[in-house]
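**Q** sequence and predicted structure, then a few things I'm wondering about:
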Amino acid sequence: MNWGHYLFSFSGRINRAKAWLFILVAIGFEIIAIALIASAFGLGHIAGVIQNKEPPTALTGNVVALIMCMIVGVAFLVLVFSAFAVVVKRLHDRNKSAWWLVVFYLIPFILNGYRFSTVLDAMHRGQMTYAGNPIATAAGGIAALISLWAFVEIYCLSGTNGDNRYGPDPLAGRR
C-alpha cells in the first residue's frame, strides 16, 4: 500500500476495510495523545482547573507539556487532513464526488451550531433547557439523520463494482 497516497491524496478509491483501518488508527492516536497530555500536565492539575479549584494558568507553567500539546496539535491537524482524504476516496468508491462532504459534514455542522447556540442562549438566560425551541430541536434531528446517512454511505455500503470515473475498483479480482 502506498501510504502517502492513502493518507494525503484526494484522488482514487479505497474500500471500506481501509477506511475502517484508518478509524482504528485514529482512535489509537487519540487515546495515546490524551494519555500523554494528561500525564504531562498531571491529572490533579487538570481536575483542579476543571473544578475551578485552580486557575487555568496552573497548566501554563509546564513547558514540556505545552510543547507536547503543540506537537499533538500539529499531528491532529495532519490526522484531520488525512481523514478528509480517506473519506473523499470512499466517496469516490461509491461513485460520488467530494462535494458530498458539504452535505455530510458542513450542513450537520451548521445545524448543530445553531442548536448549540440556542442551548447556550437558554443557559445564559438562566433556563436549563431549550425544549421550547422546536426549530433547534428539528435542526438537531436533521443533523443526526444526515450524519447517520453519511455513516452508512461512507462506512457501510460497498463501492461500485468495476471501474468508475474515479479509478479502478480497489477490490478488482477479489469480488
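**A** It's in.

**Q** what residues of the helix or strand that contains Leu148 count as buried?
**A** When elements are defined using DSSP states H and E, Leu148 is found to belong to helix 134-151. Residues of helix 134-151 classed as buried by neighbour count (16 or more other Cβ atoms under 10 Å): Ala136, Ala139, Gly140, Ala143, Ile146, Ser147, Ala150. C-beta: built from backbone N, CA, C; applies to glycine.

**Q** which residue in these has the weakest pLDDT?
**A** Lowest pLDDT of the buried residues of helix 134-151: Ala136, 84.

**Q** which of the helices and strands in the protein ranks last by mean pLDDT?
**A** Using mean pLDDT, DSSP states H and E, the weakest-scoring helix or strand in the chain turns out to be helix 43-50, at a mean of 82.

**Q** quick one: stretch 80-98 to chain centroid distance?
**A** How far stretch 80-98 lies from its chain's middle: 13 Å, per Cα atoms, centre = their mean, to the nearest Å.

**Q** and the longest helix along the chain, what does it pack against?
**A** The helix spanning the most residues in the chain, taking DSSP state H as the definition, is helix 63-93. Helix 63-93 is packed against helix 3-8, helix 16-41, helix 100-101, with contacts defined by 3 or more Cβ pairs under 8 Å, 6 or more residues apart in numbering; DSSP states H and E.

**Q** from the chain's centre, how far out does the longest one sit?
**A** With Cα atoms, centre = their mean as the basis, helix 16-41 stands 12 Å off its chain's centre.

**Q** give the buried residues for it.
**A** So for helix 16-41, counting by 16+ other Cβ under 10 Å, buried means Arg16, Lys18, Ala19, Phe22, Ala26, Ala33, Ile37, Ala40, Phe41.
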